[in-house]
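> Provide a 3D model corresponding to the input given below.
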Amino acid sequence: MTGGFIWWLVVGLVAGWLTGKIMKGGGYGAIGDIVIGIVGAFIGGFLLHFIGFAGGGLIAEILVATFGACVLVWLVRMIKK
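So this is what the prediction gives:
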């Protein structure tokens with residue numbers, strides 16, 4: 001149980017950090033990166049599952065979470081405008 005939680009934190013942190021670099025943001029901090037990455041994992045998992053993408057492993061999880069986090073940041077920026 002604890003290993004799964006730590007896995008989510010690591011994937012979230014990496015995905016959030018990558019999203020900050022890709023989306024040219026000002027940075028979200030470690031906690032913000034984790035939150036954005038975890039929420040992004042849900043969004044990315046839903047969207048990619050919807051179109052039939054299935055993958056596994058650490059790299060695939062990070063890519064899916066990063067994709068979802070980029071979508072999340074893009075949506076938030078569009079709403080803020």
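> need the helices for this protein, in chain order.
Across the chain, reading from the start of the chain, the helices by DSSP state H fall at 2-22, 29-50, 58-80.
> mind putting these into CSV with mean pLDDT and mean neighbour count?
C-betas here are computed from N, CA, C, even on glycine. Written out in CSV, the entries for these read as follows (pLDDT from 0 to 100; neighbours: other CB atoms under 10 Å):
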stretch, mean pLDDT, mean neighbour count
helix 2-22, 84, 17
helix 29-50, 85, 18
helix 58-80, 88, 17
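> what sits against Gly55?
Contact criterion CB atoms under 8 Å, 6 or more residues apart in numbering gives Leu63, Val64 as the residues in contact with Gly55.
> check Gly68 too.
For Gly68, the contacting residues are Ala15, Val39, Gly40, Ala41, Phe42, Ile43, Gly44, Gly45, Phe46, Leu47, by CB under 8 Å, 6+ apart.
> also Leu9?
Neighbour list for Leu9: Ile34, Ile38 [criterion: CB under 8 Å, 6+ apart].
> CA-only coordinates of stretch 51-59, as PDB, when you get a sec.
Only the C-alpha atoms of stretch 51-59 are listed here, as PDB (Å, rounded to 0.1, in the frame of the first residue of the first chain):
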ATOM      1  CA  ILE A  51      -9.100   6.700 -27.700                       C
ATOM      2  CA  GLY A  52      -7.800   3.100 -27.000                       C
ATOM      3  CA  PHE A  53      -4.200   3.700 -25.900                       C
ATOM      4  CA  ALA A  54      -2.900   1.100 -23.400                       C
ATOM      5  CA  GLY A  55       0.600   1.100 -22.100                       C
ATOM      6  CA  GLY A  56       2.500   0.100 -19.000                       C
ATOM      7  CA  GLY A  57       5.600   0.800 -17.100                       C
ATOM      8  CA  LEU A  58       7.100   3.800 -15.500                       C
ATOM      9  CA  ILE A  59       7.900   5.800 -18.700                       C
END
